[in-house]
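1. okay, here's the prediction I keep looking at, along with the sequence it came from:
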Amino acid sequence: MNYDPHSYTYTFEGVDLKNFQIWTIGDDMVYVLIYGGTTKEFDNSFPVIQNMMDSFEITEIQ
């Protein structure tokens, strides 16, 4: 099954936080992954987090 992912990165006004959210909808379900941290932590760790998120696979329940 092919689920088209959607994502965005956002920050918070007045707070040193940065978040990345990716989601998809399929089979009447919403699947969401969120990663967040301070701007420095986010930027330093995001390549690893991106690899982890890329490894997720949605499979049919048997």
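-> Noted; the coordinates are in hand.
2. would D54 count as being in a helix?
-> Yes. Counting by DSSP: H, G, I helix; E, B strand; the rest coil, D54 falls inside a helix.
3. tell me how many other residues crowd it.
-> For D54, the count of nearby residues is 10 (other C-beta atoms under 10 Å). Where you see a C-beta, it was placed from the backbone N, CA and C, and this is true even at glycine.
4. what does E13 give?
-> Counted with other C-beta under 10 Å, residues neighbouring E13 total 5.
5. for S45, give its distance to D54.
-> As judged by C-beta to C-beta, to the nearest Å, S45 and D54 stand 15 Å apart.
6. P47: what secondary structure?
-> Classified using three-state DSSP, P47 is helix.
7. output the contacting helices and strands for the longest strand along the chain.
-> With secondary structure taken from DSSP state E, the chain has its longest strand at strand 15-26. Packing contacts for strand 15-26, counted by 3 or more C-beta pairs under 8 Å, 6 or more residues apart in numbering; DSSP states H and E, involve strand 6-12, strand 29-37, helix 39-55.
8. next, format those as a markdown table and append mean pLDDT.
-> Conversion of the helices and strands packed on strand 15-26 to a markdown table gives the following (pLDDT from 0 to 100):
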| stretch | mean pLDDT |
| --- | --- |
| strand 6-12 | 95 |
| strand 29-37 | 93 |
| helix 39-55 | 93 |
